[in-house]
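Undergrad: what shape does this take:
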Amino acid sequence: MKNNQLVKIAQKLGTPIYIYNANTIKQKCKELKQNLKGINLYYACKANSNPEIIKIVYKEGFGIETVSPGEIAIAHKAGVPISKITFTCGSIDKNEIISVAKQGIRIHLDSLNQVEIFGKHFKGREVSVRLNLMVGAGHHSHVITGGPDSKFGIDISQIKELKKLAHKYNLHVTGLHQHIGSNVLNAGTFLKGVKAMFDTAILFPELNHLDFGGGFGVPYRPEEKPFDVKKFAVDMKKQIENFNKKYGKRIRISFEPGRYLVAESGSLLVKLTDIKYNPTKTFVGVNSGMNHLIRPAIYDSYHEIINISNPSGKKIKVTIAGNICESGDVFAKDRIITKPKIGDILEIKNTGAYGYAMSSEYNSRPKPKEFLMMGDKIKRI
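TA: Take a look at the predicted model:
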């Protein structure tokens, strides 16, 4: 979207606002579908659970991966049938497990305790379990979901105990799940997790499904290279063929991309409200904050920020701060942007994932509005 278009949108609709480009989402969906042929794809909707976004992704041929009863309800309300919804989560209680299972949704059980609960209430059923195979990766320690420090999955050392529980309740382990982490840009790193799963899957004779989770990354910094989907797809195909031959039958394969589909579609538009100079820094204040986009505060995440009101002027170094009463409420430190003035519109890019979805009304400031651009039309969602 061109800078002058975004400025006009911000002036017309007000700020702060999230705006998403439907065409970008569709393009990312098509890219994965075309490269990962024959593989089941589920959108990890925690990245952006707006029903209109879910509708777009579902219409592109994706199922929906959920992590809470609330997300299940949103997906179902958006028109996604139960048969196209999966459920992955940890630290949930007996009532939640039973409720989700009774809906016929495939659950990836996350602990031996969960397997025990499931077995007591659904003897003889098929189950899928999430394993921690000691392979983890991601852009920050808080998003690495495999390895010795991860809270997720049944540890690989507990496979014997898992099998004993399955035997006790006549459960059939027909599915395995893993997720190594978020925003992985190196396809080779991702393939290490794939190999670990295939090596472990041999130990389970009744499998019909393997789910490798999500984690496909997008470049946030200008110097970062995109995840090489084409190369990954070629290598993945070889691994699948080798495993099927070794296992003796074809296994269904799934991935759960989230960020990859929606991050680059979104921008957070904010208005410059204050400029403060001190002997060492220039602070630029805006009418948004960590309550609208918390990633920089909790992950030290980088988002490209452009002064779209003055994209080609003289450049200066500034620290861009929010309007929340917290020292950590900073979008960017010592960032080079074109010289700002009060009233300018700034675009914070790549905020379609984990932006609004993680927002709050902290400091009793309202959440921003969300809009979807579909061609020349803009719709509030």
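
Undergrad: quick one, helices of the stretch 251-381 of the chain?
TA: All helices of the stretch 251-381 of the chain, identified by DSSP state H, counting those that start in this stretch, fall at 259-262, 295-299.

Undergrad: mind giving me the packing neighbours of the first one?
TA: By that I understand helix 259-262. helix 22-35, helix 51-59 (3 or more CB pairs under 8 Å, 6 or more residues apart in numbering; DSSP states H and E). (Glycine included, C-beta is placed from N, CA and C.)

Undergrad: most neighbours per residue, which of the ones you listed?
TA: helix 51-59 (a mean of 20; mean count of other CB atoms under 10 Å).

Undergrad: quick one: name whatever helix or strand follows it.
TA: Next helix or strand after helix 51-59 toward the C-terminus (DSSP states H and E): strand 63-66.

Undergrad: centre of the chain to that following strand, how far?
TA: A distance of 11 Å separates the centroid of the chain from that of strand 63-66, by CA atoms, centre = their mean, to the nearest Å.

Undergrad: buried ones in the helix or strand following that strand?
TA: On the C-terminal side of strand 63-66, the closest following helix or strand by DSSP H and E is helix 69-77. Neighbour counts over helix 69-77 (16 or more other CB atoms under 10 Å) mark Pro69, Glu71, Ile72, Ile74, Ala75, His76 as buried.

Undergrad: packing partners for helix 69-77?
TA: Here helix 69-77 touches helix 51-59, strand 63-66, strand 85-88, helix 94-102, going by 3+ CB pairs under 8 Å, 6+ apart.

Undergrad: which strands or helices does the second one pack on?
TA: In other words, strand 63-66. Other elements packing on strand 63-66 under the criterion 3+ CB pairs under 8 Å, 6+ apart are strand 40-44, helix 51-59, helix 69-77, strand 85-88.

Undergrad: what's the closest of those to Val127?
TA: Proximity to Val127 (CB to CB) singles out strand 85-88 among the helices and strands packed on strand 63-66, at 12.4 Å.

Undergrad: any chance you could list what contacts that closest one?
TA: Identification of contacts with strand 85-88 by CB atoms under 8 Å, 6 or more residues apart in numbering yields 42, 63-67, 72, 75-76, 100, 105-108, 110, 130, 177, 179, 211, 213, 254, 256.

Undergrad: any idea of the mean pLDDT in it?
TA: Throughout strand 85-88, pLDDT has a mean value of 97.

Undergrad: mind putting the helices and strands packed on helix 259-262 into TSV with distance to Ala297?
TA: Converted to TSV, those look like this (distance: least, CB to CB, whole Å):
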stretch	distance to Ala297
helix 22-35	26
helix 51-59	24
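
Undergrad: and these: which comes nearest Lys281?
TA: With CB to CB as the criterion, Lys281 lies closest to helix 22-35 of those, at 34.5 Å.
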